[in-house]
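A.B. asks: Make a model of this:
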Amino acid sequence: MKQQNYANHSRYVPGFHLFTGTLCIATLVLAIMNVVRVMRACPGPEACYCMYTGLMPLLMSIILIMLFWYSRAFAVKVQDRAIAGEENFRHFVMTGKPLDPRLTRGQIIALRFADDEEYLELIKRAIDENMKPADIKKAIKGWRADHHRA
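C.D. replies: Coordinates of the predicted model:
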């Protein structure tokens, strides 16, 4: 596997992020176009039926986009909870104490990339300087790769 660092650590899955995301947006655009077309074509008494048939694809495309968004968001949330537990355990093994509660979830997630030699010092810096997760990742010298995340 390719050596991981700050520049290339983001997880990007073209089939999901690019292809599926683009299809979801295209479906929404086409559904909106369909609603406009149907509403223009159906004046008069059958407008209610036309409204139903025009809105159904729009509602389905909104549901599809929500599923696309939340399927990723839920997986990342669970992953972040697991990483926080792993990092708390890692800190406990190294020091005999749990992680400092002043660390935010984002800071803890960022610290997972730090190797053991700089881990404790980075924790102290993160707390003292109130470092943002991106700044923590940039400060890491010995990158500990994570190739198994969602």
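
A.B. asks: Phi, psi for Lys97 please.
C.D. replies: Dihedral pair for Lys97: phi -130, psi 150, per degrees, to the nearest 10.

A.B. asks: how about the helices in the protein?
C.D. replies: 21-41, 47-95, 105-111, 116-128, 133-139 (DSSP state H).

A.B. asks: Please work out which of these is packed deepest.
C.D. replies: helix 105-111 (a mean of 21; mean count of other Cβ atoms under 10 Å). C-beta: built from backbone N, CA, C; applies to glycine.

A.B. asks: ok, back up a step: mean pLDDT and distance to Gln3 added to the helices of the chain, as TSV?
C.D. replies: Formatted as TSV, the helices of the chain follow (pLDDT from 0 to 100; distance: least, Cβ to Cβ, whole Å):
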stretch	mean pLDDT	distance to Gln3
helix 21-41	90	28
helix 47-95	90	21
helix 105-111	94	19
helix 116-128	95	17
helix 133-139	93	15
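
A.B. asks: can you put those in JSON lines and add distance to Asp146?
C.D. replies: Output for these, formatted as JSON lines (distance: least, Cβ to Cβ, whole Å):
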{"stretch": "helix 21-41", "distance to Asp146": "23"}
{"stretch": "helix 47-95", "distance to Asp146": "8"}
{"stretch": "helix 105-111", "distance to Asp146": "10"}
{"stretch": "helix 116-128", "distance to Asp146": "14"}
{"stretch": "helix 133-139", "distance to Asp146": "11"}
